[in-house]
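Peer 1: Output the structure for:
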Amino acid sequence: QVQVVESGGGLVQAGGSLRLSCTTSGSSFSIDHTDWYRQPPGNQRKWVAGMPGSSVRSGAGRFTVSRDNAKNAVNLEIDSLKPADTGIYYCNVRGLRNIRVTLIPFALWGPGTQVTVSS
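Peer 2: You can find the predicted model right below:
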């Protein structure tokens, strides 16, 4: 089994920074891509940032995605937080599981972590 879980959410003041983590656990797997999504209250889930499994760091503007190999995690750093950044943040991990020498693709969502930005 491969499992994905997000962490690091909470209540933050506008203008501050936050680091979210997406940790993948299990055995015999490799990661092709990790993406972060945000779902504001009452709205659809939308893509925020992402990174291929071979990359170490990627980002544009206020959002930076980085890899922490020691923790098998992909982090999302958000700078200059705004109230509009409020929502549940999910990560989606795509990769391959090695099951009896057969490579099986997977795409998993974590349960999400709540971020609330106060003005």
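Peer 1: For the protein, which segments count as strands?
Peer 2: 2-7, 10-13, 18-26, 29-39, 46-52, 57-60, 63-68, 73-78, 87-99, 102-109, 113-118 (DSSP state E).
Peer 1: For Thr34, grab the count of nearby residues.
Peer 2: Neighbourhood size, Thr34 [other CB atoms under 10 Å]: 26. Backbone N, C-alpha and C define where each C-beta goes, glycine included.
Peer 1: hey, what's the closest residue to it other than its chain neighbours bridged with?
Peer 2: Leaving aside its chain neighbours, Thr34 sits nearest to Val74 (4.3 Å; criterion: CB to CB, 6 or more residues apart in numbering). Beta bridges link Val74 to Cys22, Arg67, judged by DSSP bridges.
Peer 1: Against which helices or strands is the worst-scoring helix or strand of the chain on mean pLDDT packed?
Peer 2: Counting by mean pLDDT, DSSP states H and E, the weakest-scoring helix or strand in the chain turns out to be strand 57-60, with a mean of 82. Judged by 3 or more CB pairs under 8 Å, 6 or more residues apart in numbering; DSSP states H and E, strand 57-60 is in contact with strand 46-52, strand 63-68.
Peer 1: Give the buried residues for it.
Peer 2: Ser58 (16 or more other CB atoms under 10 Å).
Peer 1: Can you give the distance of that strand from its chain's centre?
Peer 2: Chain-centre distance of strand 57-60: 13 Å, with CA atoms, centre = their mean, to the nearest Å.
Peer 1: ok, now how distant is Ser66 from Leu81?
Peer 2: 17 Å (CB to CB, to the nearest Å).
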